[in-house]
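Enquirer: What shape does this take:
(2 chains)
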Amino acid sequence: MRPVVSGRFHRFFYDHLLNYLLPLAAVLAALVVGGLILWLQGVSPLEAYKAMFLGALGSKNGIADTLVKATPLMLVGLGIAIAFRGGVINIGAEGQLIMGALLVTYLGVTFGERLPGGLGILLLLLAGAFMGGAWGAIPGWLKARLDVNEILSTIMMNAIAIQIGYYLLRGPMIDPAELAAGTNIPHSARLPKNLDMARFTDVAKALGFTKRARELGLEGYTAQLYGVLAEPTRLHVGLLFAILMAVLVYIFLWRTTIGYKIRAVGLNRHAARYAGIPVERTMVLSMTLSGAFAGLAGAVEILGLHHRMFEPTAVSAGYGFTGIVAALLGGLHPLGIIPSSILFGGLLVGGDKMQRAMQVPQVLITAILGLIVLFVVSTDYFKRRLQTRRMVEEEVFFEKESGGEEVEEALS
Amino acid sequence: MTQELTLAAIIIGILHSGIRLATPYLYAAIGEMFAQRSGVLNLGVDGIMLMGAFMGFFVVYQTGNLWWGVLAALMVGAFMGLLMSVVSITLQAEQGISGIGLYMFGLGLSSLLFKTVLGTVEGVQGFPELKFQITSIFSLYDIPILGPIFFNHSILTYLAFLLVPLAAFILDKTTWGLKIKAAGQNPEAADSLGVNVTVVRYVAVTLGAALAGLAGASLSISLLNIFQENMTNGMGFIAVALVYFGSWRPYGVLAGALLFSTVNALQLWAQVLNLPIPSDVAVMLPYLLTIIALAMPFRRAAQPAALTRPFTRGEN
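Expert: Numbering: from 1, shown residues only, chains lettered A, B, ... in the order given. Now for the predicted structure:
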């Protein structure tokens, strides 16, 4: 038997350290395999990763873009976490995001000018959440009532949403200017400017930071960091909104009765039913909320970044899948999703920069993301095993105190 | 164009395309059926198909030998299957998610390899259509109506249809089939009777994935003779759904594959004939049909009882 003295470290290790170390190991392993693929193609992995790292974090525009991409990832990831915690697997965030973005664009273009800015943005965010939620509720309902595998139905709903998007953007929602020019590119008109979400630079100006870094005498990386906050970049307040949502989802899942029910259903459906929780209704609710967050991501992308809808797959940009990876790496914990979304935002931006600097196609990132998923779900196994071990060891300790010897026998 | 085509020609055309397009669905769905019957839900089929499509295309482009291409696709599929097995069987990962990881890996890697290794290659000479020349003046293709429907396909299409009775035979008449079914239905009982559940599942998943690789190659070196990024466009996921739709039976899968490929053919012909359906809406049909098919109530009882449930000796 190991001495009892190490107990405190053990507990700390199992409870905290392991939860951070294993995901990081998974990312590292995926990057190593990605590096191997690069090396086999005659590209220096170190050079490529250096280009990626500097591309994502080396300049104010890189950092700003990383955070801009982290924003939809965070919102999608929160939705994924709600679904997974509730025992349903939502692969449909792509479609939910697209549907949300479509409704927001339609309403914004049609009624936007009559809406006062702040209230308009708030209403449109709600509309995006509503539409995404409705698109998520369908597979949720199909699962609860007809036992339809939600993984497959959500994937099909993605394909349907993409086609609806193309149909609307080539037909009823097409930009009149585009129609007049006769080029027939599927994109909508621009939303009125009063519905643009504020950018960081606007906020900084309103707070009195009107000077540029050079004027303040800042140099080097400090100047870049200052630039992210105060100089014109693409960074918008959607990021703060997403972080606020993460905190709210944390409170919702761990401090409210409904959140508790969702988690109970996810942990053990049968026990939850036995305890009187309406399992089917809760599953539909998890799926609806999950879709609502993806729809919210679509709304934020339109209002904060694009200001118009164009090719559906270019707007969703794979966030529905990358969001799953972000949620998994964040341990399906709302507060863990914040840093992991920023990590993957950086990976996406860095991948883009790497493509330009080293002629390494950006799709490498998709492959690396896939590997991260595989490694993260694999490490669950080690976590489970180590935790079982710990439980058994604690039992031994307890039994020893009370003089029992059977468990020790069982261990050997 | 519309006026020149008689109704008979259109119907023949639709049925011919229906049989042709069933090829990738059959390989992928029969392969997935074996995996699911052994208790493993492999959701990475689409990614495996893409890898198979690329490898088949690449090898045919390099060697000019079509059968080397088929072998390469089978091998890369099997390799992806082994990866899935390690993650889902040995490491007991949540199968709904590990499959998505495998899909993303296959999607990314196949696109990456295509861009860096081939880049600008347009197409290859794929498997030719067989017309079954019996004598110098007569081929089966010349039989009116039936000829143009049934006797104008590539060898990979015929092999795909032959796979169905073969799969039924393996599943129902061989010891291996029994072991696979036992591993998916009641792994504990199978284990107590001396069946190595882990090995059986490894074999079923790897074999199924090899067939998924071939399914991809059937697109890139037989049906279309090109490779494009994400050229399967979700076909692999539909194949997984076909296994549900076909109640985990080879002939059920066959019926489903034919239904889907015919709907696909209808949708393509609707565009050719300029029917007044927006193409964006027509493309939606197969996906909509998949959801409806999954909601059908008659299949429920046939689901392998231990599907997605990992097995550990000595537990339960």
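Enquirer: what's near enough to touch residue B:231?
Expert: B:50, B:53, B:219-220, B:224 (Cβ atoms under 8 Å, 6 or more residues apart in numbering or on different chains). Any C-beta I mention is one placed from the backbone N, CA and C, and that applies to glycine too.
Enquirer: swap in residue B:12?
Expert: By Cβ under 8 Å, 6+ apart, the contact set of residue B:12 is B:145, B:148-149.
Enquirer: For residue B:97, which non-adjacent residue is spatially closest?
Expert: Excluding its sequence neighbours, the residue lying closest to residue B:97 (Cβ to Cβ, 6 or more residues apart in numbering or on different chains) is residue A:377, at 5.2 Å.
Enquirer: Of the contacts of residue B:231 - the most surrounded one?
Expert: With neighbours defined as other Cβ atoms under 10 Å in any protein chain shown, the most crowded of the contacts of residue B:231 is residue B:50; it has 33 neighbours.
Enquirer: Would you list the phi and psi of that one?
Expert: Here is the backbone geometry of residue B:50 (degrees, to the nearest 10): phi -60, psi -40.
Enquirer: Tell me the predicted confidence for residue 166.
Expert: In the absence of a named chain, this looks at chain A. Note for residue A:166: predicted pLDDT of 94.
Enquirer: could you do chain B instead?
Expert: Residue B:166 carries a pLDDT value of 98.
Enquirer: Return the set of buried residues in whichever strand or helix holds it.
Expert: In this structure, residue B:166 sits in helix B:155-173 according to DSSP states H and E. Across helix B:155-173, burial judged by 16 or more other Cβ atoms under 10 Å in any protein chain shown covers B:156-157, B:159-161, B:163-164, B:167-168, B:170-171.
Enquirer: which residues touch that helix?
Expert: With contact meaning Cβ under 8 Å, 6+ apart, helix B:155-173 is reached by B:19-20, B:22-23, B:26-27, B:30, B:33-34, B:37, B:70, B:127, B:130, B:176-177, B:180-181, B:211, B:214, B:217-218, B:222, B:249-251, B:253-254.
Enquirer: cool, and stretch A:194-201?
Expert: A:64, A:108, A:112-113, A:115-117, A:120-121, A:124, A:228-238, A:300, A:303-304, A:307.
Enquirer: of these, buried ones?
Expert: A:64, A:108, A:112, A:115, A:120-121, A:124, A:228-233, A:235-238, A:300, A:303-304, A:307.
Enquirer: Nearest residue to residue 129 in space, please, no chain neighbours.
Expert: Picked chain A for this. Once flanking residues are discounted, residue A:129 sits nearest to residue A:292: 4.2 Å by Cβ to Cβ, 6+ apart.
Enquirer: Not quite, go with chain B.
Expert: residue B:152 (5.1 Å).
Enquirer: how about the helices of chain B, start to end?
Expert: Listed in chain order, the helices of chain B (DSSP state H) span B:7-37, B:45-63, B:66-85, B:95-113, B:146-150, B:155-173, B:175-185, B:187-192, B:197-218, B:235-245, B:250-272, B:279-295.
Enquirer: between these, which has the poorest average model confidence?
Expert: Of all these, mean pLDDT reaches its minimum on helix B:146-150 (a mean of 82).
Enquirer: That helix - contacts with which helices or strands?
Expert: For helix B:146-150, the packing partners by 3 or more Cβ pairs under 8 Å, 6 or more residues apart in numbering or on different chains; DSSP states H and E come out as helix B:7-37.
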